[in-house]
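Chemist: A predicted structure for the sequence below; I have some questions about it.
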Amino acid sequence: MSIRVENLTKTYKSQHAIDHINFEIKSGEIVGFLGPNGAGKTTTMKILTCYIPPTSGSAWVNGLNVETDSIEVRKQIGYLPEHNPLYMDMYVKEYLMFAASVYQLNNKTQRVKEMIELTGLQIEQNKKIGQLSKGYRQRVGLAQAIIHNPKVLILDEPTSGLDPNQIVEIRNLIINIGKEKTVLLSTHIMQEVEAMCNRVMIVKNGKIVANGKPEELKHSFSPDNIVQVSFNHTLNAKQLSELNNLSEASLLADSTYIVKSKKGEDIIKSEIFNFAVKQELILTEMKLIESSLEDVFKNVTK
């Protein structure tokens, strides 16, 4: 198990930043850590990276306790904080050489070259960091986080402030890195989570309120089957009421309706088809509307 957390708690006076949380992350997983601002994501990450101690509870990274083995834990982890701390007056290669020296790597020059290639910094490697765009600064931050080849990567808002093209580039980079490492990342961009993550944990008020694969969560927290259906002309409410097993129906646009049912997808689609035949209607469209991860997030954190 790469990361294990048991009853982890952090309090500031009377406020619980995190409140007796428990979770495990297996080796090779990319896990999205979601929650509203102030929910406890960054606090949890800072404890796992040994920046701050917990008030109570325990956490382990690759079997090492974050309190009693903090130096060894730091060797196992690559960390990119939300506010990427970089030396703006240093050149890219110079900064990465410095990072390699901090980790006392034997093959510093070769490792820096590999990181520049991996993160796509070739054309910017001879510039000062202060001259780089936000996207390239994020690449430099990722390069320093993985330069010592850590087994665990912890990323706090890695795509914050990037434009759409930069987001795609950083996303693909993280996916490639995640093939060989365990990755825990926080973000507010649900599309990023669905594109990158094997599993999702959602935290609210310092407690984990959802934990599972994205598809499982979308199904668990959205029990209704939702079908969008269109006919050749607009119906009245009395006609729609003839649908069996209907929990809700609403007009979306002219002759297009949203139909909700707790029955299975096949059952509700069959009933809609039979309804159209009985009413002598032409069924022009019928499709299942899947709940999004954003819907789940709103459901469990509202």
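Modeler: In hand now; what should we look at? Remember, it's a predicted structure, so these values are computed and weren't measured experimentally.
Chemist: any idea what sits nearest Met90, other than its immediate chain neighbours?
Modeler: Distances taken as Cβ to Cβ, 6 or more residues apart in numbering place Ile129 nearest to Met90, at 5.8 Å, with adjacent residues excluded. C-betas here are computed from N, CA, C, even on glycine.
Chemist: Who does the residue nearest to Leu281 when sequence neighbours are not counted form a beta bridge with?
Modeler: The shortest distance from Leu281 to any non-neighbouring residue, by Cβ to Cβ, 6+ apart, is to Phe231 (4.6 Å). Under the criterion DSSP bridges, Phe231 forms beta bridges with Leu283.
Chemist: ok so, going back, what about the residue nearest to Met90, neighbour count?
Modeler: The number of residues packed near Ile129 is 20, by other Cβ atoms under 10 Å.
Chemist: Can you name the residues that contact it?
Modeler: Ile129 is in contact with Leu86, Tyr87, Met88, Asp89, Met90, Tyr91, Val92, Tyr95, Arg137, Val140, counting by Cβ atoms under 8 Å, 6 or more residues apart in numbering.
Chemist: wait, the fifth one sits on Met97?
Modeler: This means Met90. No - assessed by Cβ atoms under 8 Å, Met90 is found out of contact with Met97, at 9.3 Å.
Chemist: where does the residue nearest to Met90 land on pLDDT?
Modeler: Listed pLDDT for Ile129 reads 95.
Chemist: Which phi and psi values does Ile52 adopt?
Modeler: With angles defined as degrees, to the nearest 10, Ile52 sits at phi -140, psi 150.
Chemist: Could you find the closest non-adjacent residue to it?
Modeler: Distance criterion Cβ to Cβ, 6+ apart; nearest residue to Ile52, sequence neighbours excluded, is Lys46 at 4.7 Å.
Chemist: who does the helix or strand encompassing the one you found touch, helix- and strand-wise?
Modeler: If you go by DSSP states H and E, Lys46 is part of helix 41-48. Packing partners of helix 41-48 (3 or more Cβ pairs under 8 Å, 6 or more residues apart in numbering; DSSP states H and E): strand 3-12, strand 15-25, strand 30-34, strand 56-61, strand 152-156, strand 182-186.
Chemist: re earlier: could you report the distance from the residue nearest to Leu281 to Ile52?
Modeler: Distance, Phe231 to Ile52, using Cβ to Cβ, to the nearest Å: 59 Å.
Chemist: In terms of neighbours, single out the busier of the two.
Modeler: Counted by other Cβ under 10 Å, Phe231 and Ile52 do not tie: Phe231 has more neighbours, with 20 against 13.
Chemist: mind checking pLDDT for that one?
Modeler: We have a pLDDT of 86 for Phe231.
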